[in-house]
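K.L.:
Predicted model follows, preceded by the sequence.
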Amino acid sequence: MAQLAKRQSAGGLTRLEEIAQSEAVSANFLVQILNDLRRAGLVESRRGQSGGYFLARPAAEITLRQVVEAVEPGLLQVSVTGDGESGVPVKQAWQRVSEGTRRVMDEQTIESLLQEGGAPMFYI
């Protein structure tokens, strides 16, 4: 998503191969992620020789939570059952952790990720 946001600000579509190379991931794995993001309405694509992927909305309107829920929906789910003597307080603790994580992820947008990252540093 960060690569799409960077490249979209330059006014173009981003090819799958460009993202895969920039992020050091396989194109096969990346296409699965992009399909999840497309189904969630976060990414759009255009086919053809000059085709590629682009953000469906401005980067400032896409939160980290939306991305995580599109790609890995179970990640923010609390799976503790509450069984046993310690079950209820442990489950409540994990629910607080999950709620806090969701809150932080709701505050973090793709645009803010780019701003925090700044320009790449090169050391000689």
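P.N.:
Yep, it's here.

K.L.:
beta partners of Thr14?
P.N.:
Tyr53 (DSSP bridges).

K.L.:
wait, doesn't it sit right on Ala5?
P.N.:
No: counting by C-beta atoms under 8 Å, Thr14 sits too far from Ala5 to count as a contact (9.6 Å). The C-beta positions use only the backbone N, C-alpha and C, and glycine is treated the same way.

K.L.:
From Lys91, how far off is the residue of the chain most remote from its centre?
P.N.:
For the chain, the residue at maximal distance from the C-alpha centroid (C-alpha atoms, centre = their mean) is Glu85, at 37.2 Å. Glu85 sits 12 Å away from Lys91, going by C-beta to C-beta, to the nearest Å.

K.L.:
What of Ile110?
P.N.:
For Ile110, the distance to Lys91 - C-beta to C-beta - is 32 Å.

K.L.:
With neighbour numbers in mind, choose between these two.
P.N.:
Ile110 (25 against 16; other C-beta atoms under 10 Å).

K.L.:
nearest residue to the more buried one other than its sequence neighbours?
P.N.:
Ala59 (4.0 Å; C-beta to C-beta, 6 or more residues apart in numbering).

K.L.:
what's around that neighbour, how many residues?
P.N.:
20.

K.L.:
Same question for Gln66.
P.N.:
20.

K.L.:
element containing it?
P.N.:
helix 64-71 (DSSP states H and E).

K.L.:
for that helix, what is the average pLDDT?
P.N.:
Mean pLDDT, helix 64-71: 95.

K.L.:
Any buried residues in it, and which?
P.N.:
Leu64, Arg65, Gln66, Val67, Glu69, Ala70, Val71 (16 or more other C-beta atoms under 10 Å).

K.L.:
repeat for stretch 28-35
P.N.:
Buried residues in stretch 28-35, counting neighbours by 16+ other C-beta under 10 Å, are found at Leu30, Ile33, Leu34.

K.L.:
and those, which of them are in helices?
P.N.:
Leu30, Ile33, Leu34 (DSSP state H).

K.L.:
ok, the residues you listed vs Met105, which is closest?
P.N.:
Ile33 (17.1 Å; C-beta to C-beta).
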